[in-house]
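A.B. asks: pasted the sequence and its predicted model underneath.
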Amino acid sequence: MSSTTGAPALARPRDLPRPAASPPGRKDTFRAELIDTFELRMRRNLWRPGDVTLLRALGGARRILAVCDRPEQGRRLDAYLGYWRERGALDQHRTVDAGDLAAPGNPDPVPAVVRAAVATGLGRRDAFVSLAGPPATATTALAAAMYRRYAHVVRMHDELPSLLASLHWSARVVAGEPALAAETRDPVLLVDVDTLLADPTPVRPDEESAIRHLAGYDDVLADQLDRVAEPALIRQVALAAVARLLHRHGLADGRIWPPPPPASGAPPVPSASAAGMVPSASAVPGPPSVSGAPVSGARASGVSVLGARAVSVSEPGTGWSPVPAPIRAHRIRELGYRVAFTAGVLAPDNPVLSGYLPAGARVLAVVDDYSPTVTAAVRDTLARRYRQGRLAGCTVLPVRSSHRGKTYDAAGRLLRRVRRLGLGPADRILAIGGGTVLDLVGYVAACHPGGTPYLRVPTTLVGLVDAGVGLKVGVDLDGRKNLLGAYHPPLACLCDAGFLATLPEAEFRCGLAEIVKIALVRDARLFTLVEEHHAVLRDPGAAPVLDEVLRRAVAAMLVELEENPWERRLRRLADFGHEFGHVLEERSGYRLRHGEAVAVGMALSCRLGVAAGRLSYRVADRAETLLRRIGLPTYDDCCDAAELWRALRTHVLPHKGGELHLAVPVGIGVGGFVDSIDEIGAADLHRAWSALRARAGTPTPTTGAGEPAAPARAWSGS
């Protein structure tokens, strides 16, 4: 049940107040700089056996899913991929018809494309190819952007309208119903020049509209259209105009290369700067016109054009002029957000929360309904702000948190609610709850074409130190955990340790598992704090040590994230314990909580690290002992060693680009990796799993309250 309050919208300032500087020595802000690369190649003889243009554009991918919307395209592309597969350059490929992916009456083909990718065995380093008209191209690009949070896609074009639909610097592609948007990265476009020019049919209305649009910005094209009548020559001079305009103006000119229109009824797709997301997703302004020699490294403008040159088209009837050189452009984007610690975040006059809710905004708050008190507090604080005229409207939507609720279908229902409310870039979405709610709402915010920023207010320990801090959001599809997702930072994560008083003991222990994880690979001091004081962290007198534990855990996560925000490198220390944890969580039917499964995964990874010579048994034993003293499991009988070995090969390797990259500590506070599966074997895993099972049969001595017999030291400051 939800409650809604509305009023005529007031003036909505788009500039967010800049948060106060963080205290010295405490890292609470994420900052990263991302560089996107756009590449366009116009190619003749693209399908000639042995031509490597498309193969190189795939970026080293070994498995390919190709989507076409005409049979002749599919046959040609399938023959090309088969040629390279026979020669060992590819492991697997599949070409599907876009019409076969859309079930009758289903307006959302994105899940069908994703399911085809799963059936083809695509991993994080594999790729999609689209050779189709604008609708199927947009669907494929959207599915690729979401698949395992990002997969490479090559968009191929053999007609002008679909090419022009891909030529814009908007980082978002829109498709599906309800309309979904996703950020694309490093777009690669290939033009099949031979097929485009060999089309004998008259110029279609959509082609004519595109060509006339180009002629409005290119005098050469406008002049040639008055002297050319043959369809092939019209397409020829238009293609040359595309290269000329890209060279002169780059991709950021929204007049020439407008982004695709949003779906009917959806708010306009905003630019990052217009979305009120500075500094969390500020976009670099478009470049000035470029002429003369190629420009390299033009950082001041944010865009450079490398290897591009203007094209002079031959006189009609004299043949095709030289194909333009590849056009490559770069754009710099900056991301940033703050993790703010505050007490009483839901208090009606909390200044931290107020700083992120601009006057006149409409607010949708999605609240984990685990506590009626928390839900009532959310309603009260938003309703009071509305009555005071500080908000134009507010809606509170309680949801029941569970792993079964974090699905693509659930995200679709929530997205429809956001769309009905008409939320835009000046409004806000609040996600208040544990990791499941934060993931679901973050995914919806990432997919909402209206570009509405969102705030995280974690209410669990896992949320405070892990799920609320990172960039990753995602939902499950067909029982596959986080199969669809994005890297979508919030405006801010507002952390209030007061919520921890409402947590059951088991949930608090799960949060400690995530803290131990990051401590073992990043912060020895944090590990020592947990080791010495875990038994008293919930006591009122231990507030100072709890505060330091939380801040150090957040700082360690932010350092880890800044080094690899988009996970272009698949070696991630924050994955420690999660490689096996996700498998154990699923195999147990979610009887194991996430933190419990991660604890078992950490114990197993440490044992394998010992077998691979990465760390000493003494360190592994110390880590395992702490987990058991906290009350976390280090073994579970939900599966055997053979199942874990199979999962390592079928789940972990595809997710990490075919390599193991198993995160392990190499000392307390220092992380490392077992990079190749050849460094460990099925026998090593069997021995490690058997040892953990044997040790689990002898419980650690505990007090009557269930805590370890080893005394915790009194808190004496940092």
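C.D. replies: Ah, there it is.
A.B. asks: so where's the stretch 101-250 of the chain uncertain?
C.D. replies: Scanning the stretch 101-250 of the chain for pLDDT under 70 picks out the ranges 103-105, 169-171.
A.B. asks: which residues in the stretch 301-450 of the chain form helices?
C.D. replies: 351-355, 372-387, 408-421, 435-447 (DSSP state H, counting those that start in this stretch).
A.B. asks: how about residues contacting the helix or strand containing residue 161?
C.D. replies: Taking DSSP states H and E as the criterion, residue 161 maps to helix 160-166. For helix 160-166, the surrounding residues in contact (C-beta atoms under 8 Å, 6 or more residues apart in numbering) are 132-134, 137-138, 155, 157, 187, 189, 191, 196, 206-207, 209-211, 213-214, 235, 238-239, 242, 257, 260. C-beta here means a position set from N, CA and C on the backbone, and glycine is covered the same way.
A.B. asks: and of the helices of the stretch 301-450 of the chain, who's closest to residue 334?
C.D. replies: Closest to residue 334 of these is helix 435-447 (C-beta to C-beta; 17.7 Å).
A.B. asks: what's the angle from the closest one to helix 408-421?
C.D. replies: With axes from the mean of the first three to the mean of the last three C-alpha atoms, to 10 degrees defining the directions, helix 435-447 sits at 60 degrees from helix 408-421.
A.B. asks: quick one: mean pLDDT for helix 435-447?
C.D. replies: When pLDDT is averaged along helix 435-447, the result is 95.
A.B. asks: likewise for stretch 380-398?
C.D. replies: For stretch 380-398, the mean per-residue pLDDT is 96.
A.B. asks: could you shift the numbering so residue one becomes 141, and keep it that way?
C.D. replies: In the new count, where the first residue is 141, that last one comes out as stretch 520-538.
A.B. asks: so how far is the first residue of that stretch from its last?
C.D. replies: Start-to-end span of stretch 520-538 (C-alpha to C-alpha, to the nearest Å) is 14 Å.
A.B. asks: what of stretch 318-328?
C.D. replies: For stretch 318-328, the end-to-end distance is 27 Å (C-alpha to C-alpha).
A.B. asks: after the helix holding residue 301 comes which helix or strand?
C.D. replies: Using DSSP H and E, the helix or strand that directly follows helix 300-306 along the chain is strand 312-315.
A.B. asks: may I have the strands that pair with that next one, each with its orientation?
C.D. replies: strand 320-323 (antiparallel) (DSSP bridges).
A.B. asks: got a list of contacts for the partner strand?
C.D. replies: Taking C-beta under 8 Å, 6+ apart as the rule, strand 320-323 contacts 248, 250, 281-282, 285-286, 311-314, 409, 555, 586-589, 591, 626-628.
A.B. asks: rerun at 6 Å
C.D. replies: 282, 285-286, 311-314, 587, 589 (C-beta atoms under 6 Å, 6 or more residues apart in numbering).
A.B. asks: one more: stretch 285-294?
C.D. replies: Contacts for stretch 285-294 (C-beta under 6 Å, 6+ apart): 197, 199, 254, 257, 264, 267-269, 281, 284, 322, 324, 328, 624-625.
A.B. asks: closest one of these to residue 489?
C.D. replies: So of the contacts of stretch 285-294, ranked by how close each gets to residue 489 (C-beta to C-beta), first place is residue 625, at 35.6 Å.
A.B. asks: helix or strand for that closest one, which one?
C.D. replies: Secondary structure (DSSP H and E) places residue 625 in strand 620-627.
A.B. asks: who does the following helix or strand past that strand pair up with?
C.D. replies: Next along the chain after strand 620-627, taking DSSP H and E as the criterion, comes strand 632-635. Looking at strand 632-635 with DSSP bridges, its partner strands are strand 467-481 (parallel), strand 594-598 (parallel).
A.B. asks: circling back to that earlier point, what subset of the contacts of stretch 285-294 is buried?
C.D. replies: 197, 254, 257, 264, 267-269, 281, 284, 322, 324, 328, 624-625 (16 or more other C-beta atoms under 10 Å).
A.B. asks: in helices, which of those residues appear?
C.D. replies: 197, 254, 257, 281, 284 (DSSP state H).
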